[in-house]
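**Q** Provided below for reference: sequence and predicted model.
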Amino acid sequence: MMFSANLGFLFTDRSLPDAIHAAKAHGFGAVECHFPYATPSGDVRSALDETGLAMLGLNTVPGDTQAGDFGLCALPDRTADAQAAISQAVDYAAAIGAGNVHVMAGRTDGGEKAEAAFRANLAHACELAAPLGIGVLIEPINRRDVAGYHLSRIEHAAEILAAVGHPALRIMFDCYHLQITQGDLIRRFGAHRDLIGHVQIAGVPDRGEPDGGELHYPNLIAAFRDMGWSTPIGAEYKPRTGRTEDGLDWMTAFPQESAA
């Protein structure tokens, strides 16, 4: 199985282009990121071309995090901000050849207005992204880490996909978040296999390297592979020492396909 380095957490002591090169040098077969917008898209595209790595996805901006924002797209009174964030993400993704845009919902009261806003903004995102060959992802995020996040259960995500009804819209299956909120990951993955657009891993409960904690990822990933998952899995963890290179031994326990 090949892995994607999430450069929002890994190799963060470098510029984004240098982080892409570091991911290649350390055996990752793809990359993904959170908020790349401060880096000129041409610089990122050049690094991707030089390494041959695919950029699997990026996020819409979270908003004003100092004021408590963690996404904008399910906030009924922030439609203009949400759609601007979607346009920015789709444009940047197109410029660098990224495969997906993760549309961040944000913290809400969980009410009908928030749900309607989220679904409308996702439909808008699909209309912008799909003609460019870009997918749209939504991610259930646990409410222990992000209190009040609008989307926390995979079943809710599946309901949203059915309601929006666009083939470009898929679920980000983040094992860390879903284990904390729901558990039973193999069964949940199987039940939603056809709706999943990306998979991410991290240790639970500390979000460190995926070689510790309560999940045994070699077995879990083998089960995903048996259900037909073959695209790179995102390593979205926070290095326990703060230095990515100190904790990459976990990769030797996860058989990988050639990244060449």
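**A** Nice, thanks for sending it over. Numbering: from 1, shown residues only.

**Q** name the helices or strands packed onto the least confident helix or strand in the chain by mean pLDDT?
**A** The least trusted helix or strand in the chain, going by mean pLDDT, DSSP states H and E, turns out to be helix 217-226, with a mean of 95. Using 3 or more C-beta pairs under 8 Å, 6 or more residues apart in numbering; DSSP states H and E as the contact test, the elements touching helix 217-226 are helix 185-191, strand 196-201. Using the backbone N, CA and C atoms, a C-beta is placed for each residue, glycine as well.

**Q** can you redo these as a markdown table with mean pLDDT?
**A** Written out in a markdown table, the entries for the helices and strands packed on helix 217-226 read as follows (pLDDT from 0 to 100):
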| stretch | mean pLDDT |
| --- | --- |
| helix 185-191 | 98 |
| strand 196-201 | 98 |
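
**Q** ok, Asn100 touching Ile196?
**A** No: because the distance of 11.7 Å does not satisfy C-beta atoms under 8 Å, Asn100 is recorded as not touching Ile196.

**Q** what sits in contact with each of these two?
**A** By the contact definition C-beta atoms under 8 Å, 6 or more residues apart in numbering, Asn100 and Ile196 are jointly contacted by Arg170.

**Q** picking that back up, buried deepest among the helices and strands packed on helix 217-226, which one?
**A** With neighbours taken as mean count of other C-beta atoms under 10 Å, the helices and strands packed on helix 217-226 reach their highest mean count in strand 196-201, at a mean of 23.

**Q** Quick check: next helix or strand after the least confident helix or strand of the chain?
**A** As assigned by DSSP states H and E, the chain's next helix or strand after helix 217-226 is strand 233-235.

**Q** Run through who's touching stretch 17-30.
**A** 2-5, 7, 10-12, 14, 31, 39, 43-44, 46-48, 50-56, 232, 235, 244-245, 248, 251, 256-257, 259.

**Q** Quick check, pLDDT for Gly212.
**A** We have a pLDDT of 89 for Gly212.

**Q** State the distance from Ala47 to Leu178.
**A** Distance, Ala47 to Leu178, using C-beta to C-beta, to the nearest Å: 31 Å.

**Q** out of the two, which sits in the busier spot?
**A** Ranked by neighbour count (other C-beta atoms under 10 Å), Ala47 and Leu178 place Leu178 first, with 26 against 23.

**Q** got a list of what the more buried one touches?
**A** Leu178 is in contact with Pro140, Asn142, Ile154, Leu185, Arg188, counting by C-beta under 8 Å, 6+ apart.

**Q** Recalculate using a threshold of 6 Å.
**A** Shown in contact with Leu178 (C-beta atoms under 6 Å, 6 or more residues apart in numbering): no residues.

**Q** ok, Gly57 touching Glu32?
**A** Yes: taking contact to mean C-beta atoms under 6 Å, the distance of 4.9 Å between Gly57 and Glu32 places them in contact.

**Q** relative orientation of the least confident helix or strand of the chain and strand 196-201 in degrees?
**A** What separates the directions of helix 217-226 and strand 196-201 is an angle of 170 degrees, with axes from the mean of the first three to the mean of the last three C-alpha atoms, to 10 degrees.

**Q** Measure how far helix 217-226 is from the centre of its chain, please.
**A** Helix 217-226 has its average C-alpha position 19 Å from the chain's average C-alpha position, going by C-alpha atoms, centre = their mean, to the nearest Å.
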